[in-house]
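Student: sequence? don't have it. structure:
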């Protein structure tokens, strides 16, 4: 694995060889340091590709830089130097960046690798129909789950009492992951102000950093105007795994009021902890929400969406959550998920 200093190498199997070619990702680096780091990184991994022509290079969904032209340049270089190139497409287009130029550039990029990996049938259909990718260059691999919770009641109690400070009768409604515009939190907050009742006793927990200052201000303003008595706790920072696991155990339902998405790793995090999900019916979320006793509701956040949360809170029990974790283990454990990818790798090398 080609890694950086941010890679969670401690969670890798001992048999995985780690090559720290990506170097430092410290946010305070200057422009020159970033350019030098990037040049060294590209030189190193393209050098590896030239040295071992049979090696398979699998880009796990992200390029070194995010700008359209930088993505295009790296793609052309990858095609030039890498004989066996696989690209995972987690989302067809970058979040909150779906303009015509972006679509054209990614239409070119997606035709360059030997193989594209997607997580849903809908994404495969879009690559074929919208981007003109040949069907035989696409393989569907489910989004696997790294860790499955044992749902220790002690973690739930610690999360509720020590981290959140909520009472036994209060219900924790969680939004998990980095706060971005496409996730629809602004609409959700407005809907809670209109339709959540004081008797619901909801505690809305936002567990994720917001790097967009304008979005943070907008969300904070809407929360300040909320008059329904709903408590709000916002962890506007990166959440370490140990704390995240206790927050997930403490939560009663996860909300995903997304405006647009192809698929999301967040819903698999919910499944790994048995947390039911209520989501808007966008992308392929409908294929997974019901596995944990949740549901999808329309494509906007309205009274029906709030009602679905209320119904889910009544129906899903702690024992139901344990069953969800075991069900998720059956479908999404990596040893089962990756079998089609191994076959595809063998096809590329041959």
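Tutor: All right, it came through fine. Everything numeric in this text was worked out from a predicted model, so none of it was measured.
Student: mind checking how far the longest helix along the chain is from the chain centre?
Tutor: Determined from DSSP state H, the single longest helix within the chain is helix 31-51. Helix 31-51 has its C-alpha centroid displaced from the chain centroid by 27 Å (C-alpha atoms, centre = their mean, to the nearest Å).
Student: what packs against that helix?
Tutor: strand 19-23, helix 68-81 (3 or more C-beta pairs under 8 Å, 6 or more residues apart in numbering; DSSP states H and E). No exception for glycine: its C-beta is placed from N, CA and C like everyone else's.
Student: buried sites along the longest one?
Tutor: Buried residues in helix 68-81, counted by 16 or more other C-beta atoms under 10 Å: 68, 71, 72, 74, 75, 78, 81.
Student: per-residue pLDDT, the residue nearest to the third one when sequence neighbours are not counted?
Tutor: To tie it back to what came earlier, the one meant is residue 72. Leaving aside its chain neighbours, residue 72 sits nearest to residue 105 (5.2 Å; criterion: C-beta to C-beta, 6 or more residues apart in numbering). You'll see residue 105 listed with a pLDDT of 93.
Student: list the contacts of the stretch of helix or strand residue 105 belongs to.
Tutor: Secondary structure assignment for residue 105, by DSSP states H and E: helix 100-109. Identification of contacts with helix 100-109 by C-beta atoms under 8 Å, 6 or more residues apart in numbering yields 68, 69, 71, 72, 75, 87, 92, 93, 94, 130, 131, 132.
Student: redo the residues you listed as JSON lines? Include pLDDT and distance to residue 50.
Tutor: Formatted as JSON lines, those follow (pLDDT from 0 to 100; distance: C-beta to C-beta, whole Å):
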{"residue": "68", "pLDDT": "87", "distance to residue 50": "26"}
{"residue": "69", "pLDDT": "89", "distance to residue 50": "24"}
{"residue": "71", "pLDDT": "91", "distance to residue 50": "22"}
{"residue": "72", "pLDDT": "93", "distance to residue 50": "21"}
{"residue": "75", "pLDDT": "93", "distance to residue 50": "17"}
{"residue": "87", "pLDDT": "95", "distance to residue 50": "19"}
{"residue": "92", "pLDDT": "91", "distance to residue 50": "31"}
{"residue": "93", "pLDDT": "90", "distance to residue 50": "31"}
{"residue": "94", "pLDDT": "85", "distance to residue 50": "29"}
{"residue": "130", "pLDDT": "93", "distance to residue 50": "34"}
{"residue": "131", "pLDDT": "94", "distance to residue 50": "29"}
{"residue": "132", "pLDDT": "93", "distance to residue 50": "30"}
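Student: wait, what's in contact with residue 49?
Tutor: Counting by C-beta under 8 Å, 6+ apart, residue 49 makes contact with 55, 57, 81, 82, 83.
Student: again, only this time at 7 Å
Tutor: By C-beta atoms under 7 Å, 6 or more residues apart in numbering, the residues touching residue 49 are 55, 57, 81, 82.
Student: out of these, who's nearest residue 329?
Tutor: residue 57 (30.1 Å; C-beta to C-beta).
Student: for the residue nearest to residue 72, give its distance to residue 65.
Tutor: For residue 105, the distance to residue 65 (C-beta to C-beta, to the nearest Å) stands at 13 Å.
Student: got it, and residue 108?
Tutor: 16 Å.
Student: again with residue 136
Tutor: Using C-beta to C-beta, residue 136 is found at 30 Å from residue 65.
Student: more neighbours: the two, which one.
Tutor: Between residue 136 and residue 65, residue 65 has the larger neighbour count (other C-beta atoms under 10 Å), namely 13 against 8.
Student: show me the contacts for that one.
Tutor: residue 71.
Student: quick one: secondary structure of it?
Tutor: Per DSSP: H, G, I helix; E, B strand; the rest coil, the secondary structure class of residue 65 is coil.
Student: from here on, count from 364
Tutor: Yep, numbering from 364; the last one is residue 428 now.
Student: where's the nearest residue to residue 446 once chain neighbours are set aside, which helix or strand?
Tutor: Excluding its sequence neighbours, the residue lying closest to residue 446 (C-beta to C-beta, 6+ apart) is residue 416, at 5.0 Å. Following DSSP H and E, there is no helix or strand that holds residue 416.
Student: what is the neighbour count of residue 471?
Tutor: When neighbours are defined as other C-beta under 10 Å, residue 471 has 13 of them.
Student: give me the pLDDT for it.
Tutor: Reported pLDDT for residue 471: 95.
Student: just residue 700 next, same as before
Tutor: So residue 700 comes in at 88 (pLDDT).
Student: surely it is in contact with residue 508?
Tutor: No - using C-beta atoms under 7 Å, residue 700 is not in contact with residue 508; the gap is 8.5 Å.
Student: which one's more surrounded, the two?
Tutor: Set residue 700 next to residue 508 and count neighbours by other C-beta under 10 Å: residue 508 wins out with 19 against 16.
Student: next, work out how far apart the more buried one and residue 637 are.
Tutor: 12 Å.
Student: same question for residue 710.
Tutor: Distance from residue 710 to residue 637, counting by C-beta to C-beta: 37 Å.
Student: more neighbours: the two, which one.
Tutor: More crowded of residue 710 and residue 637, by other C-beta under 10 Å: residue 637, with 25 against 12.
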